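> starting from these lines, generate the structure:
(4 chains)
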There are 4 protein chains.
Amino acid sequence: MLIVMKPQATEEDIRHVTAKIEAMGLRAHAIPGAQRTAIGITGNPGPLEPAEFETLPGVAEAIRVSKPYKLVSREVKKEDSVIAIGPAESGVKIGGRELAIIAGPCAVENREQLLAAAEAVKKAGARLLRGGAFKPRTSPYSFQGLGKEGLEILAEARRQFGLMIVTETVDPENCDLVEDYADVLQVGARNMQNFSLLKRVGRSKKPVLLKRGMSATLEEFLMAAEYVLAEGNYNLILCERGVRTFADHTRNTLDLSMIPAVKVLSHLPIIVDPSHGTGKRDKVIPLARAAIAAGADGLMVEVHSNPDQALSDGYQSLFPGQFQELMEQISAIGAVLARTVGTTPAMNVAGRRQ
Amino acid sequence: MLIVMKPQATEEDIRHVTAKIEAMGLRAHAIPGAQRTAIGITGNPGPLEPAEFETLPGVAEAIRVSKPYKLVSREVKKEDSVIAIGPAESGVKIGGRELAIIAGPCAVENREQLLAAAEAVKKAGARLLRGGAFKPRTSPYSFQGLGKEGLEILAEARRQFGLMIVTETVDPENCDLVEDYADVLQVGARNMQNFSLLKRVGRSKKPVLLKRGMSATLEEFLMAAEYVLAEGNYNLILCERGVRTFADHTRNTLDLSMIPAVKVLSHLPIIVDPSHGTGKRDKVIPLARAAIAAGADGLMVEVHSNPDQALSDGYQSLFPGQFQELMEQISAIGAVLARTVGTTPAMNVAGRRQ
Amino acid sequence: MLIVMKPQATEEDIRHVTAKIEAMGLRAHAIPGAQRTAIGITGNPGPLEPAEFETLPGVAEAIRVSKPYKLVSREVKKEDSVIAIGPAESGVKIGGRELAIIAGPCAVENREQLLAAAEAVKKAGARLLRGGAFKPRTSPYSFQGLGKEGLEILAEARRQFGLMIVTETVDPENCDLVEDYADVLQVGARNMQNFSLLKRVGRSKKPVLLKRGMSATLEEFLMAAEYVLAEGNYNLILCERGVRTFADHTRNTLDLSMIPAVKVLSHLPIIVDPSHGTGKRDKVIPLARAAIAAGADGLMVEVHSNPDQALSDGYQSLFPGQFQELMEQISAIGAVLARTVGTTPAMNVAGRRQ
Amino acid sequence: MLIVMKPQATEEDIRHVTAKIEAMGLRAHAIPGAQRTAIGITGNPGPLEPAEFETLPGVAEAIRVSKPYKLVSREVKKEDSVIAIGPAESGVKIGGRELAIIAGPCAVENREQLLAAAEAVKKAGARLLRGGAFKPRTSPYSFQGLGKEGLEILAEARRQFGLMIVTETVDPENCDLVEDYADVLQVGARNMQNFSLLKRVGRSKKPVLLKRGMSATLEEFLMAAEYVLAEGNYNLILCERGVRTFADHTRNTLDLSMIPAVKVLSHLPIIVDPSHGTGKRDKVIPLARAAIAAGADGLMVEVHSNPDQALSDGYQSLFPGQFQELMEQISAIGAVLARTVGTTPAMNVAGRRQ
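Have a look, this model is predicted:
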């Protein structure tokens, strides 16, 4: 059930509705919009009666939500959500006019490697740094990340280059540690339906980047996001990273149609990871351009200062020079859709390429 | 690396090899076989030198394992693993001559429902009872299980009917509770690559039932099992439960070729869940028969005393009478492959059907 | 629209309805059943008015068919279709109590090879011989079959061993030749939606074996069959042969749930090809057993007298001894479902295996 | 086997090599490049001996081609193929600097509808008109196209608007008629492995547009193209149109990674059909932009002057106004990759959008 308040409803009216919902043993989620506030109701085992709410002061209408997701849906919130990362003065916004570019190595391997990558991505205009300190790996015998040491190296890169840190958390316990360091908590594809972890990041104050599971439908993807919002954390960014199909020319099949599909149903921003999405360096750049052209709110790209020596996924990491070139291209393509790219002087780039 | 001991190697020889491995900072896993003992080495970041081990007393050969899995593989252990469930005197074995039939409702809903289902499955000859107390659900608003209360109801069913309990654990913390009640810890399909959970059940003394992920390859499935064995718990049963494909006439596409494929590569037993594997009652029975004919070591089947009133997955649960009939059919089909079914008097059944 | 005649309707009544349908510019398909006759109407661009037919003598009801297929559906014909192959006195029936076993090499390579395979499959109890004279191959440079010479070798095998011949036709023109030799016209998976070919075999007097396309849904599969029936050829056998998925441990993923799914919707018989369905010899036997246990009406299995020297698909062909063993196993499993196998003395086999 | 001639090799040298190949009972395919000529050999049942050719005058080297495709590969021809459509003076080129835009309705429904669509797409700057006169339809009862009448309407649109005609041929016999009218012969996804049809269009003088099959791998797609080239028709354009996956938010999953993947392996141009690739109007425009950004050589887009009344696939057809807007956007995105769009004055568009 979704309660839509009238534009002129007062704070008092909203508190009243909320109190009634809670008195029924349910949970109220007030979602302020530019024009009016909506209040989502969750926790109801079966359908509720609209009339019970429509008679309260300030209520415009009570809508039975047929779709299984509520808080993530456009019905609850018409305007695009813009997620603020990091401190207000120096932070980044995802979902607005500016495209969010998250770049860096797959894993933090050592201090030198990470700082070199951070410098390169900063120089090319990215404002968010990726790098895994805890790595979920298919094999128990593969490098599983530097752990806390990796987080400290990431924090140093933030201090040194002013980049916001995006890094993965792998279980609820581990989240206690990761949220002390990260600006964005990443939930990986394999954990998209790890509901304990989703609830845990839902109780965090840090924004969450949720990757699509390898065989997740659109509805499952949005329902996973709903778990996070239902716990109270509305700062969620979706990330398309390819799905598993019969096709064998790429590691995964990047499904860019997810972008317009999400935009219709949800107010949440969506970015694309063309590195895992293709798994091969020579396909990362064309698909990154394509993602921006399809309307993505940003990219998550693997960049390594020395890909051939990377401990994991080196073959899908861009060289710094390639990343620089990519930034120029997406800056020009973004301009067609009235989007800008971080610190890159878009005009010059466009000029150079014409 | 896998160290194969000579048939006449002494306990002393084995301890010696083990000590050397540990002195190198690696982990040794002694795997006793009928003819000889093998010792798996894990924890090595790179390849080891066979010569370093082949000169030790009692060592037949040291083999570089090219496949990414070791402990689960037939190279390490030639004989089929037979997993003992519950107390030695009254327990069940999975992977031997007897087919293991795990039956019961999707979720424990209340005491009456569970005991009715337990009685029905016991009567039909099953020796293991399934029932979820913690339910991973796609929607945060769906019934998530009775929790500890559900576990206590399951324990009562065990006392009353002598059935072994198979129930799901959903995260490492939750496992502390579940292992106090369960005879078998189930790891669900969505958690097949929840590596924190895999490590946790790997440290449990209870056997583990690991379900194949929705889009897991054979290699990924075996690698997930490897995580559990690498922590020291060798009592693992694999479970095929269907994969996600374009096909829309079933909820998942049950992949029975997984049975012979696993049997070639691994010594672990594999059972089949035709209820989730098809998602529709009228397909459960034919596919359950097919699983046994394909060589599965058992079945996991949803049975509900009143499917139409089930809180979850009722449409894929069998009625008690259908389950009874299924037991008779698989008893007759099992006989063709020299397998027997629990407490069902197979001879009579075969007689009745001819 | 489907016109269901009353049980006591006369031939005259049926002719009357048929004439009315044709007068409207549509096509009538009389489908005699054990209890009553149904008349399917095709060719109508939009919905028809039931009342227009329900007032005619002998008509029980006129049903608007919401499903896109008509003639293949159980609504049109309740009883299982049993397809007669070859001459009445010595032929085979598919879809009845007897399981239909079609065996032989992938391609006819030469006279000696084909006759050796024919002898082996005959000896093991099969009554239908497969063998491709025209082979659709992924590469233009691969062996494309012996053509007419291959058909003549097949005809010789029929004369010599009394086996019915199942062989592929690849295009409408080619069908003119193939139907002179074949007892069953096979339409391959790649041609499942080659509608020109479907129409052509629909005008043939020979029964058709239609293989499921590599990514065909149940509805598309039945619609392809509908093309054949709509042209007047009701003698069609469906064949599940695996679909394309992400799974890489088999060539295709054999989808045995197709069997009960088809049985619910359609009166047509369905057999299974575990050779193409798995692509690997060691999986053919378990999956063949599983197909029978799931309720298939028969099997199509590759058998080669010398698989290692086969020009195509040798690695998925059974050795004659393996096929003999398979026949014994499916005879015993078939008995559980009250099905018999060709010329194999089922009683002895069952006796031997117990 | 591929014979690479020296840059200075004479016509006489080439004839000599060709004659030798033909004397061996094989087929020679001379492929002139900017720098040098290569000669592909097809028809050899097994491997050939390089030495046999390397001793001939003018031969640089003889390469055993390990990949199963030859004529379509970059090893045979380094430079991008540019396919000329229609008469030299007024025709279109696909694969060069100019992006090829093929637009129009799914099916030719009547003269008025087709001419209205043709006018609209012409006005927006497209130079190629699509429209099916023969429609392969899943159901035998669906509208199958106007046939010859449809072809004549297409021809009238060509005369009236100067658009080149792209239309589908569905079987070898039908091709005799279609090639009299079409400028480009389209082979649909369902016929990608209809080898009889591939051979037939391979003998045509008209260029071929080959759509990727619903579950075709990259290798199968290129092998299907190889069938056409092996018959002598080198004027082939590939078309990505989405593949079948579990995802249910689009009709197919458009696989844009196919573009860079094809570009690495083959010299053939590749365009994208976002209409069938997504199946929903609101996803066509974003994915069309993405295709161009990923490096496609053009687009095939459904445009209907009145989509809601279309006899087939109306829900995926663009309105003329939407198509106009799309043309402006892809013109601006194309400029980033130094590509131009037909008759659209790109400069103005870019200007308007900045």
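> check contacts around the nearest residue to A:A155 once chain neighbours are set aside.
Counting by CB to CB, 6 or more residues apart in numbering or on different chains, A:A155 lies nearest to A:Y181, which is 5.3 Å off, once chain neighbours are set aside. The C-beta positions use only the backbone N, C-alpha and C, and glycine is treated the same way. Applying CB atoms under 8 Å, 6 or more residues apart in numbering or on different chains, we find A:Y181 in contact with A:A133, A:L151, A:E152, A:L154, A:A155, A:I165, A:T167.
> show me just the buried residues among those.
A:A133, A:L151, A:L154, A:I165, A:T167 (16 or more other CB atoms under 10 Å in any protein chain shown).
> after the longest helix anywhere in chain A, next one along is what?
Of all the elements of type helix in chain A, the one with the most residues (DSSP state H) is helix A:320-336. Using DSSP states H and E, the helix or strand that follows helix A:320-336 towards the C-terminus is strand A:340-341.
> distance from the chain centre to that following strand, please.
Offset of strand A:340-341 from its chain centre (CA atoms, centre = their mean, to the nearest Å): 17 Å.
> same question for stretch A:199-215.
8 Å.
> what about that stretch, near chain B?
Yes. Residues of stretch A:199-215 contacting chain B under CB under 8 Å from any CB of the partner chain: A:M214, A:S215.
> next, the buried residues of that stretch.
For stretch A:199-215, the neighbour count (16+ other CB under 10 Å) marks A:199-202, A:204, A:206-215 as buried.
> cool, stretch A:101-111 as well?
Using 16+ other CB under 10 Å as the test for burial, stretch A:101-111 gives A:I101, A:I102, A:A103, A:G104, A:P105, A:C106, A:A107, A:V108, A:E109.
> same check on stretch A:173-185?
Buried, per 16+ other CB under 10 Å, within stretch A:173-185: A:N174, A:C175, A:V178, A:E179, A:Y181, A:A182, A:D183, A:V184, A:L185.
> ok so, going back, which ones among the buried residues of stretch A:101-111 are found in strands?
Among the buried residues of stretch A:101-111, the members found in strands (DSSP state E) are A:I101, A:I102, A:A103, A:G104.
> filter those residues down to the ones close to chain D.
Answer for those near chain D: none qualify (CB under 8 Å from any CB).
> tell me the one among those residues nearest to chain D.
A:I101 (15.8 Å; CB to the nearest CB).
> contacting residues for the closest one?
A:V121, A:G125, A:A126, A:R127, A:L128, A:G298, A:L299, A:V301, A:M327, A:I330, A:V341, A:G342.
> OK, contacts around the third one?
Meaning A:A126. With CB under 8 Å, 6+ apart, A:A126 has these contacts: A:I101, A:I102, A:A103, A:L163, A:F323, A:M327, A:G342.
> now pLDDT too, for those, in JSON lines please.
Listed next are these as JSON lines, based on pLDDT from 0 to 100:
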{"residue": "A:I101", "pLDDT": "97"}
{"residue": "A:I102", "pLDDT": "98"}
{"residue": "A:A103", "pLDDT": "97"}
{"residue": "A:L163", "pLDDT": "97"}
{"residue": "A:F323", "pLDDT": "97"}
{"residue": "A:M327", "pLDDT": "97"}
{"residue": "A:G342", "pLDDT": "73"}
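> from those, pick the one nearest B:E220.
Of all the contacts of A:A126, the one with the least separation from B:E220 (CB to CB) is A:I102, at 26.3 Å.
> does the closest one touch A:L128 like I think?
Yes. Proximity of A:I102 to A:L128 meets the contact threshold set by CB atoms under 8 Å, at 4.1 Å.
> and for those two, which residues touch both?
Contact criterion CB under 8 Å, 6+ apart; residues bridging A:I102 and A:L128 by contacting each: A:V166.
> can you list the contacts of A:Y181 in TSV and add secondary structure and pLDDT?
Listed next are those as TSV, based on DSSP: H, G, I helix; E, B strand; the rest coil; pLDDT from 0 to 100:
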residue	secondary structure	pLDDT
A:A133	coil	97
A:L151	helix	98
A:E152	helix	98
A:L154	helix	98
A:A155	helix	98
A:I165	strand	98
A:T167	strand	98
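> for the residue nearest to A:G58 when sequence neighbours are not counted, helix, strand, or coil?
Of all residues not flanking A:G58 in the chain, A:D13 sits nearest, at 2.9 Å (CB to CB, 6+ apart). Secondary structure for A:D13, judged by DSSP: H, G, I helix; E, B strand; the rest coil, is helix.
> do you know how far A:A38 is from chain D?
24 Å (CB to the nearest CB, to the nearest Å).
> A:L114: helix or strand, and which one exactly?
Going by DSSP H and E, A:L114 is part of helix A:111-123.
> what helices and strands are in contact with that helix?
Contacts defined by 3 or more CB pairs under 8 Å, 6 or more residues apart in numbering or on different chains; DSSP states H and E place helix A:111-123 against strand A:98-104, strand A:128-130, helix A:148-161, helix A:320-336.
> in JSON lines, list the ones you listed along with distance to C:T55.
Formatted as JSON lines, these follow (distance: least, CB to CB, whole Å):
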{"stretch": "strand A:98-104", "distance to C:T55": "68"}
{"stretch": "strand A:128-130", "distance to C:T55": "73"}
{"stretch": "helix A:148-161", "distance to C:T55": "81"}
{"stretch": "helix A:320-336", "distance to C:T55": "64"}
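> in terms of helix, strand or coil, where does the residue nearest to the spatial centre of chain A fall?
Geometric centre of chain A, nearest residue: A:I237, 2.3 Å, by CA atoms, centre = their mean. With three-state DSSP as the basis, A:I237 sits in strand.
> for the closest residue in space to A:G162 that isn't next to it in sequence, give its distance to chain D.
Leaving aside its chain neighbours, A:G162 sits nearest to A:S90 (6.4 Å; criterion: CB to CB, 6+ apart). Per CB to the nearest CB, A:S90 is found 29 Å from chain D.
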